[in-house]
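could you look at this predicted model? Sequence included:
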Amino acid sequence: MKIALQAGESEDSVKFIRQLGLQHVVSGLGAPASGIFDVESLESRRDFYASHGLCWDVIENLPPQHYVDIMFGRPGRDRQIDNICRTVENMARVGIGVLQYGWMLVGGIRTEYSPTGRGGARYPRFDMAVAQRAPAAALDWLGLGRQHYPHIPDGELSAEQVWEGLLYFLEHIVPVAEGVGVKLAAHPDDPPIPSYMGVARVQASWDDMQRLIDAVPSPSNGLGFCMGTIATMAGVDTVDAIRHFGGQDKIHFAHFRNPRGQVPSFDEVFPDEGDVDMVAAVEAFDEVGFDGVIRIDHCPGVIGDNRGERSFAYQVGYLKGVVQALQGADPERCPETP
């Protein structure tokens with residue numbers, strides 16, 4: 001597996017990643033008004049990373065405004081689908097092989113940062129009882145503003161309606177992605193609850209994920225396997241899920257995170273104290289032949305760590321140690337820039 005972190009365009013961010021001994025990054029771009037990631041912008045970012053010895057493997061994620069009309073079944077969805085097809089084709093031209101997206105119509109949800117972890121570490125938390133008391137506030141849990149989630153609903157949407165939009169998207173995008181050799185990776189709903197504010201969430205269970213990959217059979221149609229989100233699905237065993245979906249070659253990208261608890265409430269804790277046996281999880285990835293990118297995901301807040309770098313460094317070291325103990329020295333290498 002290829003261990004990665006998210007990266008921006010600052011010199012400090014890429015130097016930090018290289019100092020940790022990583023060679024792979026995942027990144028998104030802004031939200032151009034055209035709705036298309038053009039070749040020039042992709043090449044510029046790719047070449048910046050390459051100049052620091054880093055390989056850009058995954059775009060994470062599509063800006064919500066690039067496909068909000070598709071998700072909500074609004075006029076303009078065909079235009080947005082055409083734009084995403086152009087983005088996928090441009091990715092292939094510059095050698096970026098995976099596009100992660102999420103079908104979360106109201107975005108990710110958390111309720112608080114709780115300073116109750118070991119040594120006073122602050123754990124991101126979801127508690128459905130708290131969210132129900134202040135549903136809109138829980139949408140903006142990072143304090144980033146409305147542009148980071150697509151829509152506050154003005155009515156209810158059933159699971160059938162949300163599935164209709166997702167299937168329409170897949171039927172149009174997957175053939176294009178397969179034609180140019182790009183893999184699509186669907187992130188599950190975080191948190192994996194059946195609905196929120198009257199809007200169904202249709203990637204919230206094992207069966208939902210299987211339905212998605214069966215809906216449009218293709219080597220390009222697969223999952224962004226967020227270990228932390230899948231671990232919080234009621235009744236789901238993460239290691240079993242790795243074997244099941246990885247055994248179908250449907251894990252196209254992964255997130256490394258270990259929560260404690262499952263819906264309706266959970267905390268995001270350090271990898272050595274969550275409910276998932278992370279050594280067994282890495283063994284399962286190895287068993288199914290996963291050779292894609294796995295990114296260190298959300299981290300607890302630790303003292304003096306305004307940008308999360310201390311916490312991320314801890315988790316990178318933890319995962320590298322497990323991988324090297326199981327597989328020997330890390331053989332990953334970044335290929336030459338196309």
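Yes, it's here. Numbering: from 1, shown residues only.

C-alpha only now, for contacts and for neighbours.
Noted.

now do the helices in the stretch 51-200 of the chain.
For the stretch 51-200 of the chain, the helices defined by DSSP state H, counting those that start in this stretch cover 68-71, 77-94, 128-133, 135-139, 159-180.

just say which of those helices is most tucked in.
The highest mean neighbour count among those, using mean count of other CA atoms under 10 Å, belongs to helix 68-71: a mean of 22.

that helix packs against which elements?
Judged by 3 or more CA pairs under 8 Å, 6 or more residues apart in numbering; DSSP states H and E, the packing partners of helix 68-71 are helix 77-94, helix 159-180.

pull the residues that contact stretch 77-91.
34-39, 42, 66-70, 97, 99, 169, 172-173, 176-177, 180, 182 (CA atoms under 8 Å, 6 or more residues apart in numbering).

could the helices and strands packed on helix 68-71 go into JSON lines alongside distance to residue 327 and mean pLDDT?
Formatted as JSON lines, these follow (distance: least, CA to CA, whole Å; pLDDT from 0 to 100):
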{"stretch": "helix 77-94", "distance to residue 327": "31", "mean pLDDT": "98"}
{"stretch": "helix 159-180", "distance to residue 327": "31", "mean pLDDT": "98"}
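
make JSON lines out of those helices and add distance to residue 277.
Listed next are those as JSON lines, based on distance: least, CA to CA, whole Å:
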{"stretch": "helix 77-94", "distance to residue 277": "35"}
{"stretch": "helix 159-180", "distance to residue 277": "32"}
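
poorly predicted segments of the stretch 101-250 of the chain, please.
Low-confidence segments of the stretch 101-250 of the chain, defined by pLDDT under 70: 140-151.

if we can go back for a sec, can you tell me which of the helices of the stretch 51-200 of the chain is nearest to residue 61?
Checking those against residue 61 by CA to CA gives helix 77-94 as the closest, at 11.9 Å.

please produce JSON lines containing the helices of the stretch 51-200 of the chain, extended by distance to residue 121.
JSON lines is the format used below for the helices of the stretch 51-200 of the chain (distance: least, CA to CA, whole Å):
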{"stretch": "helix 68-71", "distance to residue 121": "36"}
{"stretch": "helix 77-94", "distance to residue 121": "39"}
{"stretch": "helix 128-133", "distance to residue 121": "21"}
{"stretch": "helix 135-139", "distance to residue 121": "21"}
{"stretch": "helix 159-180", "distance to residue 121": "37"}
